[in-house]
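**Q** Here's a sequence, model it:
(2 chains)
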Amino acid sequence: MTKHLLLAAMILIGLPFVSVADEPVVADRIEQGRVLAFERRKGNCLACHLIEGGELAGNYGPPLLMMKARFPDREVLRAQIWDASVRMPTTRMPPFGRHRILTEDEIDLVVDFLLTL
Amino acid sequence: MIRIKYMLVIACGILFADFAHADPEADRQALVNYYQNRFPNVELQEYANGLYAFDENAREQWLEMEDFPPYEIAIEEGEEYFNTPFANGKGYADCFESGGIGIRQNYPHFNAALGEVVTLELAINQCRKANAEEALPYLEGELVAISAYMSFTSRGNMIDVQIQDDDPRALAAYEAGKQFYYSRRGQLNFACSNCHAQSAGSSLRADRLSATLGQATHWPVYRSKWGDVGTLHKRFRECNEQVRARPLEAQSKEFRNLEYFLSYMSNGLELNGPASRR
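**A** Down below sits the predicted model:
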């Protein structure tokens, strides 16, 4: 229940952000990040993570919820995607930056998208 | 430089010590304990059913599929191939113990004369070559059907793979297979164990992940995605490709060692091949 309230609060807090995102450039970056995160041959984050708006998500990794609250420092989030093994050597998440699965720009786009969740 | 050499010597020493003390039975028991602690409700024999040990919905669809087993044709064709004599009048039955009936649970094994792991599929082609017949392709067709028939005649037997403790080469082959299973590879940087040990029972997209125990009990498999029966090495190739690793051939030494390790981990489980998977 509290989770739902939190989520609702997050969505409300998120609303002003969405209107900022009306600015076409930002909205476009977020959409690009979303596509990269969902696309099988790109991030394929959905294979492992539940992400709002995505279908057929796996539960191999934790759900990606409330990212902005949980990752106030953007660089920490980016580092997790670039090479999760730095934070956790036994990680089961692919090193998207270190192994060039995504380009540096693509990782930035994914981070932009995640921070709207 | 001297220090590097020194460290290499130590590293080799550790590796060697590891080989000398490799204890497959302790490894197997550790895996059994690991899964039984993690999934106390899953019976040990259930692991022979792969992901269906974990997934109720998928299990029901699977049981329905088993009402009209999609691998039945392969068994029938395989029986016919198996019983068709070679040009020299001999047949497969002459190459194998017990006429080739009910023996699959003992494969793969380490062949001392060859100094390598021999899988059932390799043995089928060895038999052909010994009788002046051409080797068959490993990924589809006649050889897979023969393998399916030979599994079928072995159903219900307990997997019983042996690693001779008086032959260090057998232990080394097992160890190489184990290393393969636990090493990260490919662009996605996964070890087999990341998915099938650490994450068994979880899902990747819509697929639940099977456990290491039981991955070798039921081959060949009719897979809906393939629309055909295929061998364990076909599945190895697919998982290997999935992690975007350098491709390996069916029946390569690496894959035979891997099968040796993986089959040993299934010791004590019932052979239930051929099987169907989605």
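**Q** how about the nearest residue to residue B:93, chain neighbours excluded?
**A** Sequence neighbours aside, residue B:99 is the residue nearest to residue B:93 in space, at 4.0 Å (criterion: C-beta to C-beta, 6 or more residues apart in numbering or on different chains). C-betas here are computed from N, CA, C, even on glycine.
**Q** burial measure for that neighbour, as a count.
**A** Taking other C-beta atoms under 10 Å in any protein chain shown as the criterion, the count of residues near residue B:99 is 14.
**Q** What parts of chain A come near chain B?
**A** By C-beta under 8 Å from any C-beta of the partner chain, the part of chain A that sits against chain B consists of A:46-48, A:56-60, A:85, A:92, A:94-95, A:99-101.
**Q** Could you verify my assumption that the residue nearest to residue B:93 touches residue B:90?
**A** No: counting by C-beta atoms under 8 Å, no contact exists between residue B:99 and residue B:90, whose distance comes to 12.0 Å.
**Q** where along chain A do the helices fall?
**A** Taking DSSP state H as the criterion, chain A contains helices spanning A:2-20, A:24-38, A:67-70, A:74-82, A:104-114.
**Q** Then chain B?
**A** For chain B, the helices defined by DSSP H cover B:2-21, B:24-38, B:56-67, B:72-83, B:120-130, B:142-152, B:168-182, B:192-196, B:232-242, B:253-265.
**Q** how about those helices in TSV, adding mean neighbour count, distance to chain A and mean pLDDT?
**A** Listed next are the helices of chain B as TSV, based on neighbours: other C-beta atoms under 10 Å in any protein chain shown; distance: least, C-beta to the nearest C-beta, whole Å; pLDDT from 0 to 100:
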stretch	mean neighbour count	distance to chain A	mean pLDDT
helix B:2-21	10	19	40
helix B:24-38	14	15	97
helix B:56-67	12	14	92
helix B:72-83	17	31	98
helix B:120-130	19	31	98
helix B:142-152	25	29	98
helix B:168-182	19	12	97
helix B:192-196	21	5	97
helix B:232-242	18	10	97
helix B:253-265	24	20	98
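**Q** between those, which gets nearest to residue B:278?
**A** Of all the helices of chain B, helix B:56-67 sits nearest to residue B:278, with 7.0 Å by C-beta to C-beta.
**Q** what packs against that closest one?
**A** Counting contacts by 3 or more C-beta pairs under 8 Å, 6 or more residues apart in numbering or on different chains; DSSP states H and E, helix B:56-67 packs against strand B:275-277.
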